[in-house]
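**Q** no sequence for this one, just the structure:
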């Protein structure tokens, strides 16, 4: 399974977080922009961990 590879898991997480950060930078301002950055950081860190659990469950 491809999710067993850590590079794939982290690539998915970081790419999702990067997309959220870019959207926050381009379209949001003020505190909303900061919340967007926090969501991007959360996505970049938590998604690979969840995918690791999913790969282990298979």
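**A** Done, it's in. All figures in this text were calculated on a predicted structure; none of them were measured in a lab. Numbers count the residues shown, from 1 in each chain.
**Q** got any ranges where this protein has weak pLDDT?
**A** Along the chain, segments meeting pLDDT under 70 are nowhere present.
**Q** show me where it has its strands.
**A** Using DSSP state E, no strands are assigned anywhere in the chain.
**Q** what packs against the longest helix anywhere in it?
**A** What stands out as the longest helix in the chain, according to DSSP state H, is helix 30-57. Counting contacts by 3 or more C-beta pairs under 8 Å, 6 or more residues apart in numbering; DSSP states H and E, helix 30-57 packs against helix 6-27. (Each C-beta comes from the backbone N, C-alpha and C, glycine too.)
**Q** in the helix it packs on, which residues are buried?
**A** Neighbour-count burial for helix 6-27, with 16 or more other C-beta atoms under 10 Å as criterion, is recorded at 9, 10, 12, 13, 14, 17, 20, 21, 24.
**Q** again, but for stretch 50-58
**A** Quick answer for stretch 50-58 (16+ other C-beta under 10 Å): 51, 55.
**Q** and it, how far out from the chain middle?
**A** The chain centroid and the centroid of stretch 50-58 are separated by 16 Å, computed with C-alpha atoms, centre = their mean, to the nearest Å.
**Q** quick thing: my sequence starts at 514, can you match it?
**A** Renumbered: residue one is now 514, and that last one reads stretch 563-571.
**Q** thank you kindly, that will do.
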